[in-house]
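Student: Predicted model follows, preceded by the sequence.
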Amino acid sequence: MVKKRLIPCLDVRDGRTVKGIQFEGLRDAGDPVALAARYALEGADELVFLDITATNQRRQPLTELVRDVARVLDIPFTVGGGISTVADVEALLLSGADKVSINSAALARPAFITELARRFGSQCVVVAVDARLMEGEWQVMTRAGTTPTGRQAVDWCREAADLGAGELLLTSMSHDGTKAGFALEITRAVADAVSVPVIASGGAGQPSDFTAVFEAGGADAALAASIFHFNETALPALKRYLHNAGIAVRL
């Protein structure tokens, strides 16, 4: 049985880990290198590092900080934010990333997904999808969640997978930071529409939320930030909880 994955996320701004609610009201959550080392020690299955201001500032991700984080990890490491060229991806992989997460650049030019998959392999390409519930439909947002695209989330996820994405990182902006539980309906709809793994993000508040997103939502992995950064839920305890609930996880 394929084991479900738990993935802490480091949203990084100005060299510090931050966290807000629905992409706003950011507060400091600590040093990204120290947090990464802690999560690797606690048994995280992977780590995601998102440079959340790189796209809007039209700059490349912070490769030096990525290198520092990679040095303390022995788990798969995904980096996103501001990636728009093959050279950006090469620089991040050389800095220690195992996978890259692309978002706005893929929406602007979907063929970019295929180019990266052919060059580096689909296993290296994660397409991040920021979705917001608007007038009863899940719409894809771009540029760090600030701009609606007019695309429907399930359609874009299906297209991204067809173009070569090895994984999809689906974030519900409507649930992000609320701790009210994951967006189960859209997660299940995407999981049913694609054949690649789906990482659910946005809304984790308690252990039962993870059980729900794995069972009802059909997610292959769950990403969270606040509950880990602020010591509300410890990774080892969460894994024991899921194991006892019958969810296959790496202990």
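Tutor: Happy to help now that I have it. Numbering: from 1, shown residues only.

Student: From here on, just use CA atoms for contacts and neighbour counts.
Tutor: Will do.

Student: any chance you could map the helices in the stretch 151-251 of the chain?
Tutor: 153-163, 184-193, 207-215, 226-229, 235-244 (DSSP state H, counting those that start in this stretch).

Student: which residues touch the second one?
Tutor: Translated: helix 184-193. Outside helix 184-193, the residues that touch it by Cα atoms under 8 Å, 6 or more residues apart in numbering are 138, 153-154, 157-158, 170, 197-198, 200, 212-213, 216-219.

Student: Among those residues, which one sits closest to E64?
Tutor: L170 (26.9 Å; Cα to Cα).

Student: what's near enough to touch M141?
Tutor: Residues counted as contacts of M141 (Cα under 8 Å, 6+ apart) are 129-132, 147-149.

Student: Next, format the residues you listed as TSV and append neighbour count and distance to V48.
Tutor: As requested, those are exported to TSV (neighbours: other Cα atoms under 10 Å; distance: Cα to Cα, whole Å):
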residue	neighbour count	distance to V48
V129	29	14
D130	27	15
A131	25	18
R132	23	21
T147	11	23
P148	15	24
T149	15	24
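
Student: Show only the entries of those found in helices.
Tutor: Among these, no member is found in helices (DSSP state H).

Student: want to try TSV for those residues, with distance to C9 and pLDDT as columns?
Tutor: Listed next are these as TSV, based on distance: Cα to Cα, whole Å; pLDDT from 0 to 100:
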residue	distance to C9	pLDDT
V129	15	98
D130	15	96
A131	17	96
R132	19	95
T147	22	89
P148	23	92
T149	24	95
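
Student: Dump those to JSON lines, plus distance to F228.
Tutor: JSON lines is the format used below for the contacts of M141 (distance: Cα to Cα, whole Å):
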{"residue": "V129", "distance to F228": "22"}
{"residue": "D130", "distance to F228": "21"}
{"residue": "A131", "distance to F228": "23"}
{"residue": "R132", "distance to F228": "24"}
{"residue": "T147", "distance to F228": "28"}
{"residue": "P148", "distance to F228": "29"}
{"residue": "T149", "distance to F228": "31"}
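
Student: returning to what we had before: out of the contacts of helix 184-193, who's nearest A225?
Tutor: Comparing the contacts of helix 184-193 against A225 with Cα to Cα picks out A200 as the nearest, at 12.1 Å.

Student: Any idea what the nearest residue to that closest one once chain neighbours are set aside is bridged to?
Tutor: Spatial nearest neighbour of A200, excluding adjacent residues (Cα to Cα, 6 or more residues apart in numbering): A222 at 4.8 Å. Beta-bridge pairing for A222 (DSSP bridges): L6, A200.

Student: quick one, what contacts A222?
Tutor: A222 neighbours (Cα under 8 Å, 6+ apart): 4-7, 199-201, 210, 213-214.

Student: Of these, grab the buried ones for ChimeraX.
Tutor: Selecting the buried subset of these in ChimeraX, with 16 or more other Cα atoms under 10 Å as the burial test, is done by:
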select :4,5,6,7,199,200,201,210,213,214
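
Student: hmm, back to that, for G80, which of the helices of the stretch 151-251 of the chain is the nearest?
Tutor: Of all the helices of the stretch 151-251 of the chain, helix 153-163 sits nearest to G80, with 16.1 Å by Cα to Cα.

Student: Residues in contact with the closest one: which ones?
Tutor: Contacts to helix 153-163, defined as Cα under 8 Å, 6+ apart, come from residues 110-111, 113-114, 127, 129, 131, 138-140, 167-168, 186, 189-190, 193-196.
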